[in-house]
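1. predicted model follows, preceded by the sequence.
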2 protein chains.
Amino acid sequence: MRVYLAGPEVFLPDALDIAAAKKRICAAHGLEGVFPLDTPPAAPPADRPYWMRIYLGNEAHIRSCGALIANLTPFRGPSADAGTVFELGFMSALGRPVMGYSNEGAEFLARTRDFLGAEARQRQDGGWEDAEAMGLEDFGLADNLMIDGGIEAAGGVFERFEAARARRWRDFTAFERCCERLQARR
Amino acid sequence: MRVYLAGPEVFLPDALDIAAAKKRICAAHGLEGVFPLDTPPAAPPADRPYWMRIYLGNEAHIRSCGALIANLTPFRGPSADAGTVFELGFMSALGRPVMGYSNEGAEFLARTRDFLGAEARQRQDGGWEDAEAMGLEDFGLADNLMIDGGIEAAGGVFERFEAARARRWRDFTAFERCCERLQARR
C-alpha cells in the first residue's frame, strides 16, 4: 500500500535524506512511502504557477495513496503545520486511513498556554482564554479537536513522543509506531 | 445553498452573535449560513466523548453543505487556525466550492518573518529560513501553498483585507466578498 508522508520536513535542507529514512521504515513494514517532493503521478500543467504545480502534485500524490501518515509536530505555533493539516483533512474526506504523530509529548492546552505566556488568563469557570478572550481547547488532546477527531474517525492513532529537541525533525520513533499500526490494520 | 462557516470565532464569548451576523450576510446573498455551533443534522452517538461529538457534528455539518467559507485570519502563529484548515481540506476533497478570507493583508512570508523575529535569517540565495534551517515559503501567497492552492483548485478565492486590529474577528468586509463570489458562481 502506498502511504503519503505528510509533514513540514519538506522545508529542511536535508528533506530528501529524511524522505529516504522514512521510506526505509515504511518498507520494513510492508508499506510504500510517498514523499511530497517525489515526482507526481502525472505532471501538473506547465502553464500554472510554480506553487500551484506543487499543490497539484501533492494532491495527485494523496489521491494515489491508500493511507496518510502526518507529522503533526507543532510548527511555528502551538499547532501542526498548516499544509500538513490541509492534507490530513483532504485524505480524511477521501475516507482512507490517516495516522498522525507528534514529536512533542505535551498536550495542546499546555503548549498553547506556553505559547501565549503572560497573555493566557484564567476564566472564572477555570477555563483559559487569550488576550482577545478566545478560549483555549482543554480536552487532553494533542492538537485542535478537528485533528484528533479526524484521525479517530478514520480509525487511526495520534502517537505522541517526547523527542530530544535537537532531534525533533529526525526522530522516527512515533512515525514507526504509525507504520506498525497501519500494517496491523491491513 | 447551505454554506459551512468555518473559523476560529467559535472560541469567542460572543460566537453566537458573530454567527447571526454572518448568517444575515449570507441570507442577503441568497445563501444559508451554517455555523459550527448549530445543532448538527444528526445527533452524534451519546457514548462518544464530548470533543468527539463536536468533531462528528462538524463533519456532518460540512457534508450537509454545498460550499464552505473559511476564516483564515492568522491564529496564534503565522497560519490560520488548524481546525479551520482541516475543514477546508476536508471540503476540498469532497469537490465542493471553498472560499477563504483573511482579515490581515500581509503576505505569508512577511507574517512568518515577523513571527520569527530575530530567528529568521537570510540564506545565501536570498531565501529565508528559521533557526532550525527550515525554509520560509515565498510565493506571495496568503498562507501555506496547500491552502491557497486548495482554494484555487476548487475555483474559489482567498480574499485578503487589512481590518483594524480591534475588529479582526468582527469585520465582515472580506467575508461578504466571499459570499458575493459564491453567489456569482452559481
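-> Looks like it arrived, so ask away. Residues are numbered from 1 along each chain as shown, chains lettered A, B, ... in the order given.

2. just the strands in chain A please.
-> A:2-6, A:32-34, A:67-71, A:98-102, A:121-122, A:128-129, A:158-160 (DSSP state E).

3. close to chain B, is the first one?
-> No - residues of strand A:2-6 contacting chain B under CB under 8 Å from any CB of the partner chain: none, with a closest distance of 9.4 Å. For the C-beta atoms, the positions are set from N, CA and C on the backbone; glycine is no exception.

4. now swap in the last one and tell me
-> No - applying CB under 8 Å from any CB, one finds strand A:158-160 out of contact with chain B, separated by at least 12.4 Å.

5. for that strand, which positions count as buried?
-> For strand A:158-160, the neighbour count (16 or more other CB atoms under 10 Å in any protein chain shown) marks A:Phe158, A:Glu159, A:Arg160 as buried.

6. which residues touch the second one?
-> Remark: with contacts taken as CB atoms under 8 Å, 6 or more residues apart in numbering or on different chains, A:Glu159 is in contact with A:Met99, A:Gly100, A:Tyr101, A:Ser102, A:Ala174, A:Arg177, A:Cys178, A:Arg181.

7. which of those has the most neighbours?
-> A:Gly100 (30 neighbours; other CB atoms under 10 Å in any protein chain shown).

8. chain B versus that residue, what's the distance?
-> 11 Å (CB to the nearest CB, to the nearest Å).

9. for that residue, what are its contacts?
-> Contacts of A:Gly100 (CB under 8 Å, 6+ apart): A:69-72, A:80, A:88, A:142, A:147, A:151, A:156-159, A:178.

10. now for the contacts of A:Glu159: which two are most distant?
-> A:Ser102 and A:Arg181 (14.7 Å; CB to CB).

11. state the number of residues packed around A:Glu137.
-> 22.

12. most remote residue from chain A's center?
-> What lies farthest from the middle of chain A is A:Gln124; by CA atoms, centre = their mean that is 34.1 Å.

13. where does A:Ala42 land on pLDDT?
-> Per-residue pLDDT puts A:Ala42 at 88.

14. let me fix that, I meant to ask about A:Glu59.
-> pLDDT at A:Glu59 comes out at 98.

15. how far away is the nearest residue to A:Ala133 once chain neighbours are set aside from A:Asn58?
-> Closest residue to A:Ala133 in three dimensions, ignoring its sequence neighbours and counting by CB to CB, 6 or more residues apart in numbering or on different chains: B:Pro13, at 5.5 Å. From B:Pro13 across to A:Asn58, the span is 38 Å (CB to CB, to the nearest Å).

16. contacting residues around A:Arg177?
-> Here A:Arg177 is in contact with A:Tyr101, A:Val157, A:Glu159, A:Phe161 (criterion: CB under 8 Å, 6+ apart).

17. repeat that for A:Gly135.
-> Taking CB under 8 Å, 6+ apart, one finds A:Arg123, A:Gly127, A:Trp128, A:Glu129, B:Phe11, B:Leu12, B:Pro13 in contact with A:Gly135.

18. quick one, which of B:Pro13 and A:Asn58 is more surrounded?
-> Comparing B:Pro13 with A:Asn58 by other CB under 10 Å, the one with more neighbours is A:Asn58, at 26 against 11.

19. burial measure for the nearest residue to the more buried one once chain neighbours are set aside, as a count.
-> Among residues not flanking A:Asn58 along the chain, A:Pro36 sits closest, at 5.3 Å (CB to CB, 6+ apart). When counting by other CB under 10 Å, one arrives at 23 neighbours for A:Pro36.

20. thought A:Pro36 was touching A:Pro8?
-> No - using CB atoms under 8 Å, A:Pro36 is not in contact with A:Pro8; the gap is 10.0 Å.

21. point out where chain A drops to low pLDDT.
-> Applying pLDDT under 70 to chain A flags no residue at all.

22. show me the helices in it, by range?
-> A:15-28, A:50-64, A:82-93, A:108-116, A:145-153, A:173-185 (DSSP state H).

23. contact partners for A:Glu137?
-> Here A:Glu137 is in contact with A:Phe108, A:Leu109, A:Thr112, A:Asn144, A:Leu145, B:Trp51 (CB under 8 Å, 6+ apart).

24. for chain B, see how far away the closest residue in space to A:Arg186 that isn't next to it in sequence is.
-> Closest residue to A:Arg186 apart from its sequence neighbours, by CB to CB, 6+ apart: A:Met1 at 6.8 Å. Distance from A:Met1 to chain B, counting by CB to the nearest CB: 19 Å.

25. who's in contact with A:Met1?
-> The contact partners of A:Met1, taken as CB under 8 Å, 6+ apart, are A:Gly30, A:Leu31, A:Glu32, A:Cys65, A:Gly66, A:Ala67, A:Leu182, A:Arg186.

26. kindly report the same for A:Tyr4.
-> Counting by CB under 8 Å, 6+ apart, the residues that A:Tyr4 touches are A:Val34, A:Pro36, A:His61, A:Ile62, A:Cys65, A:Ala67, A:Leu68, A:Ile69, A:Glu87, A:Met91.

27. of all those residues, which comes closest to chain B?
-> Nearest to chain B among the contacts of A:Tyr4, counting by CB to the nearest CB, is A:Glu87 at 6.4 Å.

28. is that closest one in contact with A:Ala6, as I believe?
-> Yes - counting by CB under 8 Å, A:Ala6 is a contact partner of A:Glu87 at 4.4 Å.

29. what touches both of these two?
-> Common contacts of A:Glu87 and A:Ala6 (CB under 8 Å, 6+ apart): A:Leu68, A:Ala70.

30. the more surrounded of those two?
-> Neighbours were counted for A:Glu87 and for A:Ala6 using other CB under 10 Å; A:Ala6 has more, 32 against 28.

31. what's across from the more buried one in the sheet?
-> Beta-bridge partners for A:Ala6, by DSSP bridges, are A:Ala70.

32. return the residues in contact with it.
-> A:Pro36, A:Leu68, A:Ile69, A:Ala70, A:Asn71, A:Gly83, A:Thr84, A:Glu87, A:Leu88.
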